[in-house]
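Chemist: Sequence and predicted structure below; questions after.
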Amino acid sequence: YQIPKYPYPYARGAAGGIYTKMKNEDGDEEVQMIYPYDFYAVKRMHDPDRGESVLLRLHLPKDGVKEFIMPLTDILAMERFRDCVGKHGVAILGKKVNVLMAYITRWVEELQATSEAELARKQFGWLPDDSAFILGDKEITADAVKYSPPTATTIELVPMFREKGDFHIWKDVVNAYAREHMEAKAFAFFMGFGNVLLKFTNLKGYLLSLKSQGSGSGKTTVLHTIGSIYGHPEDSFMRVKDTYNQKLQRIGTFQNIPILYDEMTNMDPKQKSDLAYDITEGRAKNRMKSQDNAERLNHTKWATGLITTSNRSLRDDLLSIKAFPEGELMRMMELHIFNDANDDPLWARQHFSRLHTNYGHAIFPFMQYVIGNLPEVIEFLGQIQNKIEKAADIKSQERYWSAMAAIAITGGIISKRLGLHDIDHRPVMAFIIKHIKESRAQNKQMVAENSDFLSGFISRKFHE
């Protein structure tokens with residue numbers, strides 16, 4: 001971080017801290033320190049919820065640099081100002097509170113005179129006009145990566161989306177999925193890239209479940225590889241302990257970034273059913289204003305997927321609460337992740353552990369290519385979907401399967417062409433077409449079994 005030039009009449013000391021002229025106990029004016037550490041305003045922004053706001057940056061000697069947002073209404077109210085800066089580590093008392101308020105206000109005046117307020121984004125993902133993609137505090141365009149000021153909603157999530165380490169080490173790690181019998185894992189990994197293309201289908205969401213009998217199959221590692229495309233491999237994971245409303249809030253904030261949910265095994269089956277429906281609705285539930293007989297504006301909308309792991313079949317869980325949950329089953333895809341017989345557990349642990357020190361690089365060249373060539377990418381996506389639908393003989397009620405397969409394979413092909421991995425899409429495409437056919441047959445069998453059961457029951461009870 002570069003320390004800016006402080007606005008007159010305030011100055012930065014040689015060793016840091018804020019100084020200005022103040023009257024001493026004798027009434028004489030002298031230069032005094034307001035605060036011992038660097039603390040300054042970075043940007044003005046318009047927050048959709050909180051109005052005009054300022055992004056502040058605080059340097060503490062042991063805790064490093066932290067950023068937080070303060071609405072202008074809090075800057076101009078002493079008690080709210082003191083509470084806000086205190087919450088973030090600024091310890092100040094007495095008349096210096098007033099001086100610090102005046103100092104921050106002077107920063108606002110300086111920024112108003114020298115820069116235009118930026119529109120802070122409440123959601124990550126695509127901008128409405130598809131000209132850029134927001135990831136953390138970065139705005140990715142076809143030819144640049146610019147700073148995007150966070151809002152109160154997103155600022156705590158920004159650290160999830162950082163780059164670290166070496167891209168080539170990351171590429172070597174994910175290339176493990178280029179081996180034989182890795183098609184299911186490769187398909188899920190491809191979905192990490194393809195998820196951003198879901199917006200350009202007719203769907204708003206999907207659910208991809210990775211299941212296995214017990215641990216050690218590598219299904220959580222697949223989630224790590226997907227997470228590492230965007231940033232830290234697992235910081236963005238959702239857990240069972242998260243509340244249901246918090247899950248929907250996270251989905252809305254991520255908007256077009258895949259939602260990773262590790263170990264859904266212990267979630268209540270009813271909540272699993274609700275989640276399967278809600279993720280595909282593309283928006284959170286509407287709410288009323290607390291003090292007014294009117295609806296709140298619902299900005300929480302998305303086009304993304306939920307990729308989960310479980311030790312138990314999600315299909316079986318849904319069948320435990322409904323005779324035949326066709327609506328949910330047609331909105332989800334379940335892949336069985338088998339243990340690799342040729343995998344050395346020690347090698348796998350050492351190989352994939354490198355993801356935790358090498359991540360967050362691949363999304364930038366991928367998104368820049370997609371943004372810069374969007375019409376061609378959308379056309380290519382349509383061609384891939386047509387090919388899959390023809391090969392798998394897709395029915396109208398199987399549109400979710402068709403779209404999921406298309407975005408994953410398209411994402412895998414484009415990312416390989418860009419040199420982001422060396423995984424051949426052809427065996428993966430053959431695998432998913434076969435899987436769709438098998439899923440269709442399994443669903444038909446369940447319908448037949450339920451029909452037989454019902455007809456048998458009626459026959460037995462008809463003359464009673």
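Modeler: Happy to help now that I have it.
Chemist: got the residue ranges for the strands in the stretch 151-300 of the chain?
Modeler: Ranges of strands within the stretch 151-300 of the chain are 205-211, 259-261, based on DSSP state E, counting those that start in this stretch.
Chemist: quick one: buried residues of stretch 140-149?
Modeler: 140, 148, 149 (16 or more other C-beta atoms under 10 Å). C-beta here means a position set from N, CA and C on the backbone, and glycine is covered the same way.
Chemist: Sorry, wrong one. I was asking about stretch 90-110.
Modeler: Using 16+ other C-beta under 10 Å as the test for burial, stretch 90-110 gives 90, 92, 96-97, 99-101, 103-108, 110.
Chemist: average pLDDT for that stretch?
Modeler: Averaging pLDDT along stretch 90-110 yields 93.
Chemist: Just put the buried residues of stretch 90-110 in CSV and tack on secondary structure and distance to residue 29.
Modeler: CSV is the format used below for the buried residues of stretch 90-110 (DSSP: H, G, I helix; E, B strand; the rest coil; distance: C-beta to C-beta, whole Å):
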residue, secondary structure, distance to residue 29
90, coil, 25
92, coil, 21
96, helix, 16
97, helix, 20
99, helix, 13
100, helix, 18
101, helix, 20
103, helix, 17
104, helix, 22
105, helix, 20
106, helix, 18
107, helix, 22
108, helix, 25
110, helix, 23
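Chemist: Residue 225: which of those residues is nearest?
Modeler: When those are compared for distance to residue 225 (C-beta to C-beta), residue 90 wins out at 40.1 Å.
Chemist: circling back: with residue 75 as the reference, name the closest of the strands of the stretch 151-300 of the chain.
Modeler: Of all these, it is strand 259-261 that lies closest to residue 75, at 35.0 Å by C-beta to C-beta.
Chemist: Give me the residues contacting the closest one.
Modeler: For strand 259-261, contacts defined as C-beta atoms under 8 Å, 6 or more residues apart in numbering pick out 223, 226-227, 234, 236-239, 250-251, 279, 304-309.
Chemist: roughly how far is that strand from the heart of the chain?
Modeler: Computed by C-alpha atoms, centre = their mean, to the nearest Å, the chain-centroid distance of strand 259-261 equals 8 Å.
Chemist: and what of stretch 242-250?
Modeler: Distance, centroid of stretch 242-250 to centroid of chain: 13 Å (C-alpha atoms, centre = their mean).
Chemist: try stretch 247-267
Modeler: Its chain's C-alpha centre lies 8 Å from the corresponding centre of stretch 247-267 when counted by C-alpha atoms, centre = their mean.
Chemist: Just the CA trace of it, in PDB.
Modeler: Backbone C-alpha positions of stretch 247-267 (Å, rounded to 0.1, in the frame of the first residue of the first chain) are rendered in PDB as follows:
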ATOM      1  CA  LYS A 247     -26.900 -19.700   2.700                       C
ATOM      2  CA  LEU A 248     -29.300 -17.800   0.500                       C
ATOM      3  CA  GLN A 249     -27.500 -14.500   1.200                       C
ATOM      4  CA  ARG A 250     -24.200 -16.000   0.300                       C
ATOM      5  CA  ILE A 251     -25.600 -17.400  -3.000                       C
ATOM      6  CA  GLY A 252     -27.000 -14.000  -3.800                       C
ATOM      7  CA  THR A 253     -23.700 -12.200  -3.100                       C
ATOM      8  CA  PHE A 254     -21.700 -14.700  -5.100                       C
ATOM      9  CA  GLN A 255     -24.200 -14.300  -8.000                       C
ATOM     10  CA  ASN A 256     -22.300 -16.100 -10.700                       C
ATOM     11  CA  ILE A 257     -19.500 -17.700  -8.700                       C
ATOM     12  CA  PRO A 258     -20.100 -21.400  -7.900                       C
ATOM     13  CA  ILE A 259     -21.300 -22.200  -4.300                       C
ATOM     14  CA  LEU A 260     -19.200 -24.900  -2.700                       C
ATOM     15  CA  TYR A 261     -20.900 -26.900   0.100                       C
ATOM     16  CA  ASP A 262     -18.700 -29.500   1.800                       C
ATOM     17  CA  GLU A 263     -20.400 -32.400   3.700                       C
ATOM     18  CA  MET A 264     -24.100 -32.000   3.100                       C
ATOM     19  CA  THR A 265     -24.600 -35.500   4.700                       C
ATOM     20  CA  ASN A 266     -26.100 -34.300   7.900                       C
ATOM     21  CA  MET A 267     -28.400 -31.600   6.500                       C
END
